[in-house]
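Student: Okay, here's the prediction I keep looking at, along with the sequence it came from:
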Amino acid sequence: MKKPLLRFAILICFGTVFLSACFKKSDFEPVLMTTTARLFISNSESASGAFNLQIIKAADSTVLLPSLQINNGAQDGNGILFVPTKNILFQLSRAQRSIRVYTSANTLFEASLPTNIILDSTLTSGREIAYDANNDVLFVANNTDSTLRVYEKVSTLNGKYVSKKLKLSAEPWGIVFDKTQNRLFVVMDKNALRVEVFNNPSGRAIWRIIPDLRFFINGYKTNGVSARLHGIAYAPQRDMLFVTEIGSASGNNFNKDGGIYIIEKVSRITNNSSILATRTIYGPNTELGNPVDIAIDERNTKGFIYVAEKANKKILVFGFGDNGNVSPIRDYTSSFSPEAIDIGY
């Protein structure tokens, strides 16, 4: 009887280890390492026939090709966000000052219509979006008036709605919500070269807010006074931050002067500090010109960086360990101008 019992105990132990390896450390939600990543792309075209929403259903395959393209009328598509735990997809249309909400994102097809469309006439220049799932709150970076827009109970909203405004010290562009520590990372555009972090963003009172942490990305400053930060992504399991710089938005070499800052040990950054990036991806081989947005697959067996490269109309893929003037691992050349991306698995 001892041997069967021993085998049973070993099987239980092995099963426990296996299951533990398939869960995120951050929030203990199951994420199988073999699950295929999907990439959601929001394109900035305003033409009536444009596919403003594209989905690559096998983002971690060797060949990147859209599996689904939707002409959904989201002119000047900007921020896009997929919430796997709720099967919701949000997409922002800057031109129409609206947010499209798809509540069955896993079953979208070519003719899919949004479940709801939120219309906010005060949303003058919506860029990136972030979502607090626990409180059902959507944040939008509105760069022209230096505000974060807040949409409470967003999954239930439809039609006209005026968002709450949180006033910032500069013009925001990229934003990302870290649910593990209930904080919002915000990239400041123009020459700020600054990231600001706000704890408990859903609980902030209306109007001017002060960051709990702010720091400057210094040292590399690949484009000097022309440097402009745009996209941002955070890997909580690895405590790594990824920030894109577009350099010049137009003019000579505007399609060659972009880069990515990779910052490790984010938890050790002190307030008002000036930091050096751990690594940068920058140079002509990278094909980075205007990398307006970034998404990451931080799973242990993956470690991929996805970039929406607007100037060259490409989706570029790099590895977490890449550094310097490196070529992309793979890419997708689009007929459209990708403005924002998100990843889900």
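Tutor: Received the coordinates, thanks.
Student: Below-threshold pLDDT in the stretch 151-300 of the chain: ranges please.
Tutor: 219-226 (pLDDT under 70).
Student: where do the strands sit along it?
Tutor: With DSSP state E, counting those that start in this stretch, the ranges of strands along the stretch 151-300 of the chain come out as 159-160, 164-167, 172-178, 183-188, 194-199, 207-208, 213-218, 229-235, 240-245, 259-264, 273-276, 279-282, 291-297.
Student: Can you check what angle separates the fifth one from strand 172-178?
Tutor: Direction vectors for strand 194-199 and strand 172-178, defined by axes from the mean of the first three to the mean of the last three C-alpha atoms, to 10 degrees, enclose an angle of 40 degrees.
Student: For strand 194-199, name the packing helices and strands.
Tutor: Other elements packing on strand 194-199 under the criterion 3 or more C-beta pairs under 8 Å, 6 or more residues apart in numbering; DSSP states H and E are strand 183-188, strand 213-218, strand 229-235. In this view, the C-beta of every residue, glycine as well, is placed from N, C-alpha and C.
Student: repeat that for 10 Å
Tutor: Packing partners of strand 194-199 (3 or more C-beta pairs under 10 Å, 6 or more residues apart in numbering; DSSP states H and E): strand 172-178, strand 183-188, strand 213-218, strand 229-235, strand 240-245.
Student: Partner strands of that strand and their direction?
Tutor: Here strand 194-199 is paired, per DSSP bridges, with strand 183-188 (antiparallel), strand 213-218 (antiparallel).
Student: Pick the most deeply packed of these.
Tutor: Comparing the strands paired with strand 194-199 by mean neighbour count (mean count of other C-beta atoms under 10 Å), strand 183-188 comes out on top with a mean of 24.
Student: thinking again about what came up before, for the strands paired with strand 194-199, which one sits closest to Ser155?
Tutor: strand 183-188 (18.6 Å; C-beta to C-beta).
Student: roughly how far is that closest one from the heart of the chain?
Tutor: Its chain's average C-alpha position is 11 Å from that of strand 183-188, according to C-alpha atoms, centre = their mean, to the nearest Å.
Student: How about stretch 81-96?
Tutor: With C-alpha atoms, centre = their mean as the basis, the mean position of stretch 81-96 lies at 11 Å from the chain mean.
Student: May I see the buried residues of it?
Tutor: When burial is assessed from 16 or more other C-beta atoms under 10 Å, stretch 81-96 yields the following buried residues: 81-84, 88-94, 96.
Student: Pick out the most distant pair among those residues.
Tutor: With distances taken as C-beta to C-beta, the most widely separated pair in these is Pro84 and Gln96, at 26.3 Å.
Student: Test my guess that Ser327 contacts Thr286.
Tutor: Yes. Contact status for Ser327 versus Thr286: in contact at 7.0 Å, counting by C-beta atoms under 10 Å.
Student: Asn135 is in contact with Lys153, correct?
Tutor: Yes. Between Lys153 and Asn135 there is a contact at 8.7 Å, judged by C-beta under 10 Å.
Student: Of those two, which one has the most company?
Tutor: Under the criterion of other C-beta atoms under 10 Å, the comparison of Lys153 against Asn135 puts Asn135 first, with 15 against 10.
Student: re earlier: including distance to Thr333, could the helices and strands packed on strand 194-199 go into a markdown table?
Tutor: Conversion of those to a markdown table gives the following (distance: least, C-beta to C-beta, whole Å):
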| stretch | distance to Thr333 |
| --- | --- |
| strand 172-178 | 24 |
| strand 183-188 | 26 |
| strand 213-218 | 29 |
| strand 229-235 | 19 |
| strand 240-245 | 19 |
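Student: mind checking which of these is nearest Glu298?
Tutor: For the helices and strands packed on strand 194-199, the distance to Glu298 is smallest for strand 229-235, at 4.0 Å, taking C-beta to C-beta.
Student: Direction included, what does the closest one pair against?
Tutor: Under the criterion DSSP bridges, strand 229-235 sits next to strand 240-245 (antiparallel) in its sheet.
Student: and the residue lying closest to Ser121 once chain neighbours are set aside, how far is that from Arg149?
Tutor: Nearest-residue entry for Ser121: Arg97, 5.9 Å, with adjacent residues in sequence omitted and distances by C-beta to C-beta, 6 or more residues apart in numbering. The gap separating Arg97 from Arg149 is 10 Å, by C-beta to C-beta, to the nearest Å.
Student: what do these two both touch?
Tutor: Taking C-beta atoms under 10 Å, 6 or more residues apart in numbering as the contact criterion, the common neighbours of Arg97 and Arg149 are 120, 122-124, 126, 142.
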